[in-house]
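Trainee: Next input, structure requested:
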Amino acid sequence: MTPGLLTALASGALVSFGLALLVIRIMPTEPDLADALSRLAPGNPRRPAGPSNVAPQGKERIGLWAIKSLPAGLWVRTPTRELAVLRISVAQFYGDKIVFAFLGLLIPPLLSLFFNLLGLGLPITLSGAASVGLAAVMFFVPNYNVIDDAKKARREFARALGAYIDLVALERNNGSGVRQAMEAAALVGDSWVFTRLSEELTRSRWSGQPPWDALHTLADELGLPELDDFADIMRLSGEEGSSVYSHLRARSAAMRTAMLNDEVAEANAVGERMTIPGSLLGVVFMALLVAPSLLRMFSNT
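Mentor: Purely as a prediction, here's the structure:
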């Protein structure tokens with residue numbers, strides 16, 4: 001295959017991809033009525049919320065097209081809870097997977113074209129196999145990114161929740177009611193964690209749902225056991241009228257101790273990994289010292 005033909009094929013692929021993106025961008029979208037009604041219902045899962053911003057419109061459209069056109073078994077596993085923590089819609093997540101897979105298909109032919117222009121011809125079968133393999137690998141890259149980012153977001157949520165529990169305890173100690181204490185404490189911070197808690201409590205107030213039930217739903221939706229424990233404590237205070245100041249302070253102290261222990265364990269693991277390069281350097285240094293003597297001994301024999 002000549003370099004000119006390869007250039008024409010690559011140019012045609014890029015132009016076709018641009019036209020496809022243009023068609024997807026101007027294509028009118030039809031909202032799913034069942035999904036819209038489920039988001040408005042107070043007891044059903046809502047649109048995920050978290051630290052991330054609203055998804056780009058282009059990836060949303062690609063994801064919606066993929067949901068309607070591609071088989072459901074293609075996605076293997078969708079990390080629903082992780083997406084809810086990061087406030088990433090399923091449509092955007094599927095759009096990311098499609099874009100990453102397309103990039104995996106496109107990179108090997110472009111590299112093959114580059115090497116052919118340098119005079120280093122590569123077999124077409126190798127380029128095709130590399131495209132399929134790289135596309136399959138990059139198709140699962142968004143899964144890894146979402147799981148890793150959600151782990152960091154949950155750690156951040158746990159830190160902020162410890163401060164929030166202390167604020168709720170102080171509000172209760174000052175004589176505020178259960179809902180009033182929870183809502184007032186949520187308005188103190190401006191991070192995404194406090195904003196998410198404030199939105200959930202406000203939604204429960206307008207729907208007539210107890211605030212601890214709303215937090216139970218949120219904890220189950222996002223996979224946050226610490227928030228579930230806090231909701232149990234507030235249920236005890238709201239339904240039985242018991243004093244929970246000491247319980248809240250003890251819970252926040254226990255959370256901070258657990259996070260500190262995790263950070264110490266992680267630091268120890270990093271320190272142990274850092275000793276490996278030093279040990280290898282020592283082995284190399286000893287080999288350099290012993291090598292001349294060994295070579296001299298073998299040369300004499």
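Trainee: how close does G208 sit to T217?
Mentor: 14 Å (Cβ to Cβ, to the nearest Å). No exception for glycine: its C-beta is placed from N, CA and C like everyone else's.
Trainee: And these two? Which one has more around it.
Mentor: For G208 versus T217, neighbours defined as other Cβ atoms under 10 Å are more numerous around T217 (21 against 7).
Trainee: Tell me the confidence at the more buried one?
Mentor: Per-residue confidence (pLDDT) for T217: 88.
Trainee: next one: D220
Mentor: 88.
Trainee: A91 now?
Mentor: Confidence score, pLDDT, at A91: 87.
Trainee: What are the buried residues along the helix or strand containing it?
Mentor: Counting by DSSP states H and E, the element that carries A91 is helix 90-117. Neighbour-count burial for helix 90-117 flags 90-102, 104-106, 108-109, 112-113, 116 (criterion: 16 or more other Cβ atoms under 10 Å).
Trainee: same deal with stretch 226-233?
Mentor: Quick answer for stretch 226-233 (16+ other Cβ under 10 Å): E226, L227, D228, F230, A231, I233.
Trainee: Quick check: the fifth one touching L224?
Mentor: It refers to A231. No: the criterion here is Cβ atoms under 8 Å, and A231 misses it with L224 at 9.9 Å.
Trainee: hmm, back to that, helices and strands around the helix holding A91, which ones?
Mentor: Here helix 90-117 touches helix 3-26, helix 57-69, helix 80-86, helix 124-139, helix 141-173, going by 3 or more Cβ pairs under 8 Å, 6 or more residues apart in numbering; DSSP states H and E.
Trainee: tell me the angle the second one makes with helix 90-117.
Mentor: Read that as helix 57-69. 100 degrees (axes from the mean of the first three to the mean of the last three Cα atoms, to 10 degrees).
Trainee: Just the buried residues of helix 57-69, please?
Mentor: K59, E60, R61, I62, G63, L64, W65, A66.
Trainee: The fourth one contacts A101, correct?
Mentor: No: using Cβ under 8 Å, I62 and A101 do not qualify as a contacting pair, with a distance of 11.0 Å.
Trainee: ok so, going back, the inter-axis angle of the helix holding A91 versus helix 141-173?
Mentor: Using the same axes, to 10 degrees, helix 90-117 lies at 140 degrees relative to helix 141-173.
Trainee: Which helix or strand in the chain has the lowest average pLDDT?
Mentor: helix 33-40 (a mean of 52; mean pLDDT, DSSP states H and E).
Trainee: rank the helices and strands packed on helix 90-117 by pLDDT, which is bottom?
Mentor: When I compare the helices and strands packed on helix 90-117, helix 3-26 is least confident, with a mean of 56.
Trainee: Done for today, thanks.
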